[in-house]
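Asks: Got a sequence here, can you build the structure:
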Amino acid sequence: MSLSVGNIVNGKIIGITNFGAFVETDGGVRGMIHISEISRSYVEDIKSVLKVGQVVTAKVISISDDGKIALSLKQLENADDSKKMPAKNRQRQSRPPKQRKKYEPAPPVTSPGNFEWQSSSGGGSFEDMMSKFKRTSEDKMSDLKRGESRGYSRRGNGGGRK
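Replies: Numbering: from 1, shown residues only. From the prediction side, this is the model:
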């Protein structure tokens, strides 16, 4: 029997794995229904939906170069059929979207932050502010280096002393 994509086939489930079910069609051709193609609803356990020996009608959705046939039950499922499924297999109802707040721009930034090196008057040129920042940074670095030379470490392990 020659199959092509889009054909509807009848077959019997001949094997089930955790990722899909293998089907042998009436014409003796074998194909597989991936777990994602079983139902429009989420399927956690294939064995809760399909059984070995069960006769199914499926749609051929692809045929690979090496002859593997992919089948789908989902593409033949009507929207009403999903309502008939057990509650545990039914897709969760989505919530209505939340109402978004109206966009309000952030207030304008008036200063780069409240740093020690920034003068309280808020004045001064950029060069003055950079000079103060550099001085403060150098002071902090020298304090850190002095602490490490005394056996204190930023890592809290005592600077390697035992």
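Asks: wait, doesn't Gly20 sit right on Ile33?
Replies: Yes. Contact criterion Cβ atoms under 8 Å: Gly20 and Ile33 qualify, at 5.6 Å. Placement of C-beta: from N, CA and C, glycine included.
Asks: Now the lengthiest helix in the chain: buried residues?
Replies: Ranked by residue count under DSSP state H, the longest helix found in the chain is helix 126-149. Neighbour-count burial for helix 126-149, with 16 or more other Cβ atoms under 10 Å as criterion, is recorded at Met129, Lys132.
Asks: Convert that helix to PDB, retaining C-alpha atoms only.
Replies: Output of helix 126-149 as PDB, limited to C-alpha atoms (Å, rounded to 0.1, in the frame of the first residue of the first chain):
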ATOM      1  CA  PHE A 126      32.700  66.700  35.600                       C
ATOM      2  CA  GLU A 127      36.500  66.700  36.100                       C
ATOM      3  CA  ASP A 128      36.100  67.600  39.700                       C
ATOM      4  CA  MET A 129      33.600  64.800  40.400                       C
ATOM      5  CA  MET A 130      35.900  62.300  38.600                       C
ATOM      6  CA  SER A 131      38.900  63.500  40.600                       C
ATOM      7  CA  LYS A 132      36.900  63.000  43.900                       C
ATOM      8  CA  PHE A 133      35.700  59.600  42.700                       C
ATOM      9  CA  LYS A 134      39.200  58.400  41.800                       C
ATOM     10  CA  ARG A 135      40.600  59.600  45.200                       C
ATOM     11  CA  THR A 136      37.800  57.800  47.100                       C
ATOM     12  CA  SER A 137      38.400  54.600  45.100                       C
ATOM     13  CA  GLU A 138      42.200  54.800  45.700                       C
ATOM     14  CA  ASP A 139      41.600  55.200  49.400                       C
ATOM     15  CA  LYS A 140      39.200  52.300  49.500                       C
ATOM     16  CA  MET A 141      41.600  50.100  47.600                       C
ATOM     17  CA  SER A 142      44.500  51.000  49.900                       C
ATOM     18  CA  ASP A 143      42.300  50.100  52.900                       C
ATOM     19  CA  LEU A 144      41.600  46.700  51.400                       C
ATOM     20  CA  LYS A 145      45.200  46.000  50.700                       C
ATOM     21  CA  ARG A 146      46.200  47.000  54.200                       C
ATOM     22  CA  GLY A 147      43.600  44.700  55.700                       C
ATOM     23  CA  GLU A 148      44.800  41.800  53.500                       C
ATOM     24  CA  SER A 149      48.400  42.400  54.600                       C
END
